[in-house]
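Enquirer: kindly generate the corresponding structure for this input.
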Amino acid sequence: MARRPVSSLLFDGSEWNFATLSRAYDAIEAIAIGEMGLDVYPNQVEIISSEQMLDAYSSVGMPLMYQHWSFGKRFVFESQLYQKGYRGLAYELVINSNPCITYLMEENTMPMQALVTAHAAFGHNHFFKNNYLFRQWTDAGAILGYMDFAKKYIAKCEERHGLSAVEEILDSAHALQDHGVFHYRRPPRLSSEKVTERARERLEYEEQTYSDLWRTLPAAGGTSDIEETEREALERKKTLNLPEENLLYFLEKHSLILEPWQREILRIVRVIAQYFYPQSQTKVMNEGCATFVHYSIINRLFDQGRISEGAILELLASHTNVVFQPGFDNPRFNGLNPYALGFAMMQDIERICTTPTQEDRDWFPTISGNGDPMGTLIDAWENHRDDSFILQYLSPAVIRKFRLFHLSDRATNKFCEVTSIHDERGYSSVRAALARNYDPVANRPEIQVVDVDLLGDRQLRLKHVVKNGLLLEENNRDATIAHISRLWGYDVSLAGIDASTSKVLYECSSAQT
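Expert: Residues are numbered from 1 along each chain as shown. Presented below is the predicted three-dimensional model:
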């Protein structure tokens, strides 16, 4: 291999300075934007120490975050693991904001600074800006301002109402934050003018369709007490927009014991939970996109003679570690590595678009041989989440590469059964099963507020829709009910209803815990 002239290299060796970082950033940007066609937010790159990275770990990765004892506890835990060598730190941290903030570790070598810049500042950045879930549920331009408000507001509440009072609300809100998000878009509230207009239209319709003959009909018999009770329950549920899946939202709006500052804290926690909602549904795609981008860029830089053989070897070694996938019988196996699966699927799409096999043409007739791998990938990154991406793009080639198989494990059975493997008969079944595994609706407990009589006993009635016989863990269930009861102020009951038979499987209440 011919030695490249040192003068053409972006950097030489492992040491870096800000001039070197700027030169590497410009070269990476030219490839990402000019050649790959990525569309990104403006970048803000900052250098932080390992201790600052640990601090960011403990506060869910946000540069501005209110104080809570759980963040300090996690900081001590992560710090001890790091100091004892049991766990390394991420090379970077990226914030879904506008401008997109990327934190680089000052301990990184210069080759690693280049890799994580490509990975985070352009790969993740493009995905944040363009994926439909992030466009639908997050406001990248407003999140930093909102976090600044949240931090200052909670600090003022601690001064005014006491640290323990604020911690008590935050403890319960954090316990419920996974059930504090909207999973579907809600219709916008009607303005007062629109409500008045609809009432007028309804009256006009009744006047136009009124017939005096209805007066001559005999009076209907009186309604029974049961019918009257059911009618009142329906009216009550309609007024409260029940059932409601967002528990924090319902408690914020309808709890009779919360003060205004406590309601605002619930709102802060659920807004932050909503901000992170898309990330849980796009882990494979997001990491796969960023890994594919950094891999393509570093190889392109090497082809241009901008990085040395030693640097590319260091970068490929790091890349290989990131996409390593242990086998199912390996002690290190902890499920599918999202970096590995995502990157393998991105590379496979590139192959299908450029050099497809007959199998590819049979499975993916619309993209096979289209000659536009980046256009196909950009479209996929924009319009899918993990489950739909896997269901549409997971190929038999990737299934064979990962040696995937479908294991049936039902709670009612005393055994597990391998129902499909990576062969001609099993490809579709394996792909569908893996997609379901990433479907948030299929895997999260479905708990809803179904009824409450605010003028009666005020008992908050919840329903858990039990799927495949999977019940809630009893200790966590009772602790969660206690948190809901603390915020509601009255008795809370929970009934587990089988999704297929509507049979009541269990009932419990805060009075029993």
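
Enquirer: neighbours of residue 501, how many?
Expert: For residue 501, the count of nearby residues is 9 (other C-beta atoms under 10 Å). For every residue, glycine as well, the C-beta is placed using N, CA and C.

Enquirer: got the domain boundaries for the protein?
Expert: Domains of the chain are assigned by automatic domain parsing as 11-131+282-315, 323-442.

Enquirer: got the end-to-end distance for the shortest one?
Expert: Same thing as domain 323-442. Its first and final residues considered, domain 323-442 spans 27 Å by C-alpha to C-alpha, to the nearest Å.

Enquirer: residues in contact with the host helix or strand of residue 156: which ones?
Expert: Element membership of residue 156 [criterion: DSSP states H and E] is helix 143-161. Helix 143-161 is contacted by residues 62-67, 95-97, 166, 170, 261, 264-265, 268, 271-272, 275 when judged by C-beta atoms under 8 Å, 6 or more residues apart in numbering.

Enquirer: also stretch 445-456?
Expert: Contacts of stretch 445-456 (C-beta under 8 Å, 6+ apart): 179, 233, 236-237, 240, 242-245, 247, 250, 254, 256, 458-465, 467, 472, 494.

Enquirer: okay, the domains of the chain, which one's buried deepest?
Expert: Of the domains of the chain, the one with the most neighbours on average (mean count of other C-beta atoms under 10 Å) is domain 11-131+282-315, at a mean of 19.

Enquirer: next SSE after the helix holding residue 156?
Expert: Following helix 143-161 toward the C-terminus (DSSP H and E): helix 163-175.

Enquirer: and that next one, what does it pack onto?
Expert: Helix 163-175 sits against helix 143-161, helix 260-281, helix 474-488, with contacts defined as 3 or more C-beta pairs under 8 Å, 6 or more residues apart in numbering; DSSP states H and E.

Enquirer: same thing but at 10 Å, please
Expert: helix 69-83, helix 143-161, helix 247-254, helix 260-281, helix 474-488 (3 or more C-beta pairs under 10 Å, 6 or more residues apart in numbering; DSSP states H and E).

Enquirer: distance from the second one to the middle of the chain?
Expert: In other words, helix 143-161. On the basis of C-alpha atoms, centre = their mean, to the nearest Å, helix 143-161 sits 24 Å off its chain's mean C-alpha point.

Enquirer: buried set for that helix?
Expert: 143, 144, 147, 150, 151, 154, 157, 158 (16 or more other C-beta atoms under 10 Å).

Enquirer: which one of those residues is nearest residue 353?
Expert: Nearest to residue 353 among the buried residues of helix 143-161 is residue 143, at 34.9 Å by C-beta to C-beta.

Enquirer: lowest-confidence entry in the buried residues of helix 143-161?
Expert: The member of the buried residues of helix 143-161 with the lowest pLDDT is residue 144, at 86.

Enquirer: distance of it relative to residue 19?
Expert: Note on residue 144: its distance to residue 19, by C-beta to C-beta, to the nearest Å, is 28 Å.

Enquirer: same deal with residue 345?
Expert: For residue 345, the distance to residue 19 equals 38 Å [C-beta to C-beta].

Enquirer: returning to what we had before: weed out the non-buried ones from the contacts of stretch 445-456.
Expert: Neighbour counting with 16+ other C-beta under 10 Å marks 179, 236-237, 240, 242, 244-245, 247, 250, 254, 459-464, 467, 472, 494 as buried within those.

Enquirer: in the chain, where is pLDDT below threshold?
Expert: By pLDDT under 70, the low-scoring segments of the chain are 1-7, 57, 60-61, 63, 82, 84-91, 185-226, 228, 410-412, 513.

Enquirer: can you pull out the strands in it?
Expert: 43-48, 92-95, 100-105, 406-408, 417-420, 446-451, 460-466, 492-498, 504-509 (DSSP state E).

Enquirer: other residues contacting stretch 317-334?
Expert: Residues outside stretch 317-334 that contact it (C-beta atoms under 10 Å, 6 or more residues apart in numbering): 88, 91, 109, 111-112, 115-116, 119, 287-288, 290-291, 294-295, 298-299, 312, 335-344, 347, 401-405, 407.

Enquirer: follow-up on the earlier one: so which of the buried residues of helix 143-161 comes closest to residue 370?
Expert: The closest of the buried residues of helix 143-161 to residue 370 turns out to be residue 143 (C-beta to C-beta; 36.6 Å).

Enquirer: residues contacting residue 507?
Expert: Residue 507 neighbours (C-beta under 10 Å, 6+ apart): 493, 494, 495, 496, 497.

Enquirer: taking the residues you listed together, which two end up most distant?
Expert: Using C-beta to C-beta, the pair of the contacts of residue 507 lying farthest apart is 493 and 497, separated by 12.6 Å.

Enquirer: list residues touching both of these two?
Expert: Common contacts of residue 493 and residue 497 (C-beta under 10 Å, 6+ apart): 463, 507.

Enquirer: how about the contacts made by the closest residue to residue 391 other than its chain neighbours?
Expert: Using C-beta to C-beta, 6 or more residues apart in numbering and skipping residues adjacent in sequence, the residue nearest residue 391 is residue 435, 3.9 Å away. Shown in contact with residue 435 (C-beta under 10 Å, 6+ apart): 386, 387, 388, 389, 390, 391, 392, 394, 442.

Enquirer: make TSV out of these and add distance to residue 478.
Expert: Formatted as TSV, the contacts of residue 435 follow (distance: C-beta to C-beta, whole Å):
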residue	distance to residue 478
386	32
387	31
388	36
389	37
390	36
391	37
392	41
394	39
442	25
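
Enquirer: which of those residues fall in helices?
Expert: With helices taken from DSSP state H, the overlap with the contacts of residue 435 comprises 386, 387, 388, 389, 390, 391, 392, 442.

Enquirer: residue 365 versus the fourth one, what's the distance?
Expert: It refers to residue 389. According to C-beta to C-beta, residue 389 and residue 365 sit 18 Å apart.

Enquirer: would you map the helices across the stretch 101-250 of the chain?
Expert: With DSSP state H, counting those that start in this stretch, the ranges of helices along the stretch 101-250 of the chain come out as 110-116, 125-130, 132-137, 143-161, 163-175, 192-209, 225-239, 247-254.

Enquirer: possible to save those as JSON lines with distance to residue 54?
Expert: Conversion of the helices of the stretch 101-250 of the chain to JSON lines gives the following (distance: least, C-beta to C-beta, whole Å):
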{"stretch": "helix 110-116", "distance to residue 54": "17"}
{"stretch": "helix 125-130", "distance to residue 54": "24"}
{"stretch": "helix 132-137", "distance to residue 54": "26"}
{"stretch": "helix 143-161", "distance to residue 54": "19"}
{"stretch": "helix 163-175", "distance to residue 54": "20"}
{"stretch": "helix 192-209", "distance to residue 54": "50"}
{"stretch": "helix 225-239", "distance to residue 54": "47"}
{"stretch": "helix 247-254", "distance to residue 54": "29"}
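
Enquirer: all good on my end, thank you.
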